[in-house]
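> Quick check, what structure comes out for this input:
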Amino acid sequence: MKLKYLSIGALVLIGCATTEAQRAAREQERARMERCARVELYPSGVTPQRPFRVLGPVAANDDNPASRSRSLQEQACRIGADAVIDVVDETPTVQPLAGSSFQGGSSGGTAVAYTDAAAHE
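Down below sits the predicted model:
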């Protein structure tokens, strides 16, 4: 009988630990999403007024311009960027023919990380 209660107690503890781990994972994901949403997008010809270093190119393809912007932010965030500069957004004016390959819009730019003290606050 004691073994039965010990088993139930162990399952309860494991369940609590799993729930706590899930809660921590959700909180970590929420924080990541908030950080990625703060990645700034600067159109071609406009640059931030802060010093930065270039991390690399980012690009996105999607029919929806807002989805392309979010994708650029996500990619830049994954590599530690604070902004994407020289963003170019291209949307085709010709509709694709039925059965043809993707002809939606594309966006691209350069991911950068700020190098001033404010970037580390």
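> In what element of secondary structure is the spatially closest residue to V84 that is not a sequence neighbour found?
Spatial nearest neighbour of V84, excluding adjacent residues (CB to CB, 6 or more residues apart in numbering): G109 at 4.1 Å. Yep, even glycine has a C-beta here, placed from its N, CA and C like the rest. Using DSSP states H and E, G109 maps to strand 105-114.
> Tell me which residues are up against that strand.
Residues outside strand 105-114 that contact it (CB atoms under 8 Å, 6 or more residues apart in numbering): 41-42, 44, 48, 50-63, 65, 68-69, 71-72, 75-76, 79-92, 119.
> average pLDDT for that strand?
Averaging pLDDT along strand 105-114 yields 96.
> show me the contacts for the residue lying closest to I79 once chain neighbours are set aside.
Nearest non-adjacent residue to I79, counting by CB to CB, 6+ apart: L55, 5.2 Å away. Applying CB under 8 Å, 6+ apart, one finds that L55 lies in contact with 76, 79-81, 110-113.
> how about 6 Å then?
L55 makes contact with 79, 81, 111, 113, according to CB atoms under 6 Å, 6 or more residues apart in numbering.
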